[in-house]
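Asker: build me a model from this:
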Amino acid sequence: MSPNRHVTLSLKQKMQIIKEIKCKEKTKQEVCVKYKCSMSTINRIIQNEKNILENSKMHNLSSKRIRNGACYDVDRAVSIWFDQMRASGAIISTNMILEKSKQFAVTLNKDFNPTTGWLWRWQKREGISLKKIHGEAASADSESANNFINTLFPNLIEGYKSSDIFNADESGLFFKALPVSTLSRKESHNNGFKSSKDRLTLLFICNATGDYKKVIIIGKPKNPRCFKNKIVPLKYYPHQKAWMTREIWESILISLDEEMAKQNRKIILFVDNAASHKRTKILKNINIQYLPANTTSLIQPLDQGIIHSFKAYYRQIIIRKQISAIESGKTIGEFAKSINIFNALHIIKHAWWLVRPLSITRCFQKAKFISECDAAPSAENEQEDITETISDLSGDEFDNYIRCDDNLVCCGQLTDEEIVKEISLEKEDNEDYSGSDAEDEIPSLPNVLNSLTTVRKFLLPQNEFIQELENIEEYSF
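Answerer: Coordinates of the predicted model:
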């Protein structure tokens, strides 16, 4: 290959180059041969690691040049809206995207009329294609998940110990829910009893070694009467729909950041890209990284069985308390009414404590966040006992009982106005975004000549390389 040939690398290739060099898998010379590029290109990639990393979070990894569309603000607004809708399981057509882009153009006061050509280019930049839907699993983006774990993730966690790799995620909980097919007596007069839909949202935070576990509660009542004159066992935030919000998330992050500062500890925290997880405050001890859209069911550790284990323990405790209540002569309805938020918090705290560190580590391994060699050794015959059947419940019935609230919404969606505000915040965080991939851009002739003039001023007094400079200037013309 001619040494003068210009090679344009994709974002994925750049990320692989950074990984191979930083992990000392290959020398720079070997990388040059593998990717058929010059040493100067490799050096520029290493120098621009931070910008490449940021671009890889927002663009298709197959992209070779980061070009914004004719109207970047509309493009970005449609992207945020698209990810939000897909995360909620919505089926989106091309006509919906065209119509939404028109609405955003009006909201942003932009003179922009989307065409099918614009839509094709936008889809290509974002790596979006039409796919058939085959159930819930179809919404998970396995390609993005694999790209993230294999290409982006190793660079993100470089320098962090396993104990400093954290994950946080919300889950809804019907805290009064009872089994519907067992544990009732004829004399208990429970005809017409309907399982309660009273809900809480729980935020789980844990690290890869399982020695840090925290659960935070969001409920509807602002000042629950059951809290009066009592010490609340867990941190509680009120919200009219029991949803996570940016304000609550910000408060939690600040508290966690202060906690890590006291421990003289810096952590990396992985969360999904929900709108409520965006932050505006600067954190000194927490490096927040967002998982790609529609990948959490595949690569988020808490979704690999940690939350499910917690709910299994919680339901077990509820069933055992229900058995005790019925044996003492109470009806199921009376027992359900006795479970208030204060009592539920105590059960939540105990159930979360029962989730073992080894179980958490295994889920981080399953998500490929850590390797098997990072895990603590386990007893040969160690087995989970949380899936045991209780009373008349079969295994399937108990599993359905555990999962009865898995699909609860835990945060609201951004309005169009909030999406527009989000774009403004992104611009403030990335003021130099538009030029962040300059290593692939060929400089203009005026810029080249200006640079040559500077070089000439430096070399002329030393009477060196004058002929070479003149040859380059002639070549430029």
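Asker: how long is stretch 330-341 end to end?
Answerer: 20 Å (CA to CA, to the nearest Å).
Asker: return the distance of that stretch from the chain's centre.
Answerer: 37 Å (CA atoms, centre = their mean, to the nearest Å).
Asker: begin at 27 from now on, thanks
Answerer: I'll keep to 27 as the first residue from here, and by that count the last item is stretch 356-367.
Asker: residues of it that come out buried?
Answerer: Within stretch 356-367, the residues that qualify as buried are 356-359, 361-362, 365-367, counting by 16 or more other CB atoms under 10 Å. Yep, even glycine has a C-beta here, placed from its N, CA and C like the rest.
Asker: farthest-separated two in those residues?
Answerer: In these, two members sit farther apart than any others by CB to CB. They are 357 and 367, at 21.3 Å.
Asker: any idea how many residues pack against the closest residue to residue 258 other than its chain neighbours?
Answerer: Nearest residue to residue 258, sequence neighbours excluded (CB to CB, 6 or more residues apart in numbering): residue 371, at 6.5 Å. A count of nearby residues for residue 371, using other CB atoms under 10 Å, gives 24.
Asker: sec struct for residue 371, please.
Answerer: helix (DSSP: H, G, I helix; E, B strand; the rest coil).
Asker: go ahead and confirm it touches residue 259.
Answerer: Yes: under the criterion of CB atoms under 8 Å, residue 371 makes contact with residue 259 at 5.1 Å.
Asker: give me the common contacts of the two.
Answerer: Shared contacts of residue 371 and residue 259, defined by CB atoms under 8 Å, 6 or more residues apart in numbering, are absent.
Asker: would you map out the domains in the chain?
Answerer: In the assignment given by automatic domain parsing, the structural domains of the chain cover 186-428, 470-503.
Asker: any buried residues in the shortest one, and which?
Answerer: The one in question is domain 470-503. For domain 470-503, by 16+ other CB under 10 Å, it's residue 495.
Asker: can you show me the strands along the chain?
Answerer: 191-200, 225-233, 239-245, 262-264, 293-297, 312-316 (DSSP state E).
Asker: avg pLDDT for the second one?
Answerer: When you say that, I think you mean strand 225-233. Per-residue pLDDT over strand 225-233 has a mean of 97.
Asker: can you check stretch 302-309 too?
Answerer: Per-residue pLDDT over stretch 302-309 has a mean of 81.
Asker: could you dump the strands of the chain to a markdown table with mean neighbour count?
Answerer: Formatted as a markdown table, those follow (neighbours: other CB atoms under 10 Å):
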| stretch | mean neighbour count |
| --- | --- |
| strand 191-200 | 23 |
| strand 225-233 | 22 |
| strand 239-245 | 20 |
| strand 262-264 | 17 |
| strand 293-297 | 22 |
| strand 312-316 | 16 |
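Asker: what's residue 295 in contact with, if anything?
Answerer: 192-194, 231, 282, 312-315.
Asker: and of those residues, the nearest to residue 336?
Answerer: In terms of CB to CB, no member of those lies closer to residue 336 than residue 231, at 12.4 Å.
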